[in-house]
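> Prediction below, plus the sequence it came from.
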Amino acid sequence: MAIRLTRRNLIAGAPALATLSRPALAQSPWPSRSVRLVVASAPGGPSDVAGRALAERLGVAWGQSIVVENRPGAGGNIGADLVAKAAPDGYTLLCAASSIIAAPFLVRNPSYDPMRDFAPIVQVLDFPMVALAHPSLPARTMQELVALARLRPGEITYSSAGIGNTSHLAPALFARRAGVELTHVPYAGAAPSQMALLAGQVQLSFNNPMQSLPGLQAGQYRALGVTGGTRWRDLAEVPTVAEQGFPGYEAISWIGLVAPAATPEPVLARIEQASLAGIGDSDVTARLHGAGFQVQNRGRVAFRRVMEADTALWGSFIREANIRLE
């Protein structure tokens with residue numbers, strides 16, 4: 001689920017990590033067998049695309065097979081919980097979406113804590129959302145949307161891929177900051193959410209830029225703004241939300257690689273090194289860029305800061321807005 005507001009000002013140091021002795025590593029070189037890479041979503045999504053692209057390079061670097069295992073469900077909680085409870089030996093990794101940050105705040109008894117139970121390794125990519133309006137909604141900018149929402153409180157509806165998803169939290173955060181009321185209509189995934197917008201069942205939807213392009217080009221809906229800190233390269237004519245009179249607003253989804261928290265330091269370092277090299281490969285970069293993503297290639301320290309900033313942002317917002325996944 002992801003996503004940032006004043007993230008750059010929320011910086012903290014990386015925690016201490018467990019270590020292995022050199023003799024132990026010498027006796028049991030890592031990896032000596034295949035590595036499982038869990039993707040907590042269905043095939044074809046951003047996590048799956050990033051995970052499979054990275055898995056190919058890691059397999060070559062280590063001379064071992066990297067088995068990609070899709071474990072979708074419960075907003076990513078099923079796959080995340082599986083890895084959080086896995087043996088901390090480097091043989092089970094998670095290609096995590098930013099939704100792992102928000103998920104524990106949405107339930108009463110979360111099964112994992114993303115900052116306590118995971119060791120960040122590398123941030124692979126990120127991407128903003130695009131605020132899309134059905135042609136029936138007479139708004140062409142975020143300011144016009146706010147003006148309409150003030151005249152029609154609660155009447156303007158927006159679809160999402162599910163409660164706690166970025167497509168839910170990004171517009172909810174915007175509405176709260178703008179002081180207006182929008183009505184959330186959750187769907188079971190991105191595809192039905194977008195279909196609801198196309199059919200005019202809702203008036204708004206915040207969506208992935210690349211998924212939005214075909215409909216924009218066909219005139220099926222219009223773009224009101226981009227939730228990133230800068231304009232999106234393929235929608236350069238669409239201003240950011242912040243540019244339109246909402247300074248500081250930023251909502252970003254990201255994908256990264258994490259391991260169980262107690263994974264030994266030498267193993268984490270080796271995964272980090274190979275991952276950074278793999279993401280930096282020109283073929284991998286081109287593949288991710290072509291899929292509509294912004295490649296980041298941030299290592300452990302920088303990635304941890306991103307996760308900490310998102311935890312501060314979304315934890316506070318979800319508590320304030322009393323958002324629950326029952």
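Perfect, thanks for sending it.

> which residues of the chain score low on pLDDT?
1-28, 326 (pLDDT under 70).

> Spell out the secondary structure type for the nearest residue to Ser32 once chain neighbours are set aside.
Nearest residue to Ser32, sequence neighbours excluded (Cβ to Cβ, 6 or more residues apart in numbering): Gln64, at 7.8 Å. The C-beta positions use only the backbone N, C-alpha and C, and glycine is treated the same way. Classification of Gln64 by DSSP: H, G, I helix; E, B strand; the rest coil places it in coil.

> residues in contact with Gln64?
Pro31, Ser32, Arg33, Ser34, Val35 (Cβ atoms under 8 Å, 6 or more residues apart in numbering).

> Can you flag the buried ones in the residues you listed?
Pro31, Val35 (16 or more other Cβ atoms under 10 Å).

> Could you dump the contacts of Gln64 into a markdown table and include secondary structure and distance to Leu169?
A markdown table is the format used below for the contacts of Gln64 (DSSP: H, G, I helix; E, B strand; the rest coil; distance: Cβ to Cβ, whole Å):
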| residue | secondary structure | distance to Leu169 |
| --- | --- | --- |
| Pro31 | coil | 36 |
| Ser32 | coil | 41 |
| Arg33 | coil | 39 |
| Ser34 | coil | 36 |
| Val35 | strand | 32 |
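
> and which of the contacts of Gln64 is nearest to Gly229?
Val35 (34.0 Å; Cβ to Cβ).

> Please tell me I have it right and Val185 contacts Tyr158.
Yes: between Val185 and Tyr158 there is a contact under Cβ atoms under 8 Å: 6.8 Å.

> Quick check: neighbours shared by those two?
Here Val185 and Tyr158 share the contacting residues Val202, scored by Cβ under 8 Å, 6+ apart.

> and these two? which has more neighbours close in?
Using other Cβ atoms under 10 Å, the more surrounded residue of Val185 and Tyr158 is Tyr158, with 27 against 18.

> For the nearest residue to the more buried one once chain neighbours are set aside, give me its contacts.
Distances taken as Cβ to Cβ, 6+ apart place Leu204 nearest to Tyr158, at 3.7 Å, with adjacent residues excluded. Taking Cβ under 8 Å, 6+ apart, we find Leu204 in contact with 131-134, 137, 145, 156-159, 171, 182, 197.

> So Glu272 sits against Pro120, correct?
No: applying Cβ under 8 Å as the test, Glu272 and Pro120 come out as separate, 9.3 Å apart.

> Looking at those two now, which is surrounded by more residues?
Just comparing Glu272 and Pro120: by other Cβ under 10 Å the higher neighbour count belongs to Pro120, 27 against 20.

> and the more buried one, backbone torsions?
Torsion angles at Pro120 (phi, psi; degrees, to the nearest 10) stand at phi -60, psi 140.

> rewinding a little: show me the beta-bridge partners of the residue nearest to Tyr158.
Counting by DSSP bridges, Leu204 is bridged to Ala133, Tyr158.

> and the gap between it and Leu94?
Distance of Leu204 to Leu94, given as Cβ to Cβ, to the nearest Å: 31 Å.

> again, but for Ala190
In terms of Cβ to Cβ, Ala190 sits 20 Å off from Leu94.

> next one: Val67
13 Å.

> got any residues that touch both of the two?
Leu37.

> okay, the two: which has more neighbours?
Between Val67 and Leu94, counting by other Cβ under 10 Å, Leu94 is the more crowded of the two (29 against 14).

> Tell me which helix or strand the more buried one sits in.
strand 92-97 (DSSP states H and E).

> That strand: how far from the chain's middle?
With Cα atoms, centre = their mean, to the nearest Å as the basis, strand 92-97 stands 12 Å off its chain's centre.

> which helices and strands does that strand pack with?
strand 35-39, helix 46-62, helix 77-84, strand 118-128, strand 252-260 (3 or more Cβ pairs under 8 Å, 6 or more residues apart in numbering; DSSP states H and E).

> and of those, who's closest to Arg150?
The nearest among those, by Cβ to Cβ, is strand 118-128 at 25.1 Å.

> Enumerate the positions of the closest one that are buried.
Phe118, Ala119, Pro120, Ile121, Val122, Gln123, Val124, Leu125, Asp126, Phe127, Pro128.

> ok, now which ones touch the closest residue to Ala80 other than its chain neighbours?
Leaving aside its sequence neighbours, Ala80 sits nearest to Ile100 (Cβ to Cβ, 6+ apart; 4.9 Å). If you count contacts by Cβ under 8 Å, 6+ apart, Ile100 has them with Met1, Ala40, Gly76, Ala80, Leu94, Pro114, Phe118, Val258.

> Show me where the stretch 201-326 of the chain has its strands.
Using DSSP state E, counting those that start in this stretch, the strands of the stretch 201-326 of the chain run over 204-207, 222-226, 252-260, 294-298.

> where's Pro192 relative to Phe127, distance?
Counting by Cβ to Cβ - Pro192 and Phe127 are separated by 20 Å.

> So the nearest residue to Ile255 once chain neighbours are set aside versus Val295, what's the distance?
Leaving aside its sequence neighbours, Ile255 sits nearest to Ala50 (Cβ to Cβ, 6+ apart; 4.5 Å). Here Ala50 is placed at a distance of 9 Å from Val295 (Cβ to Cβ).
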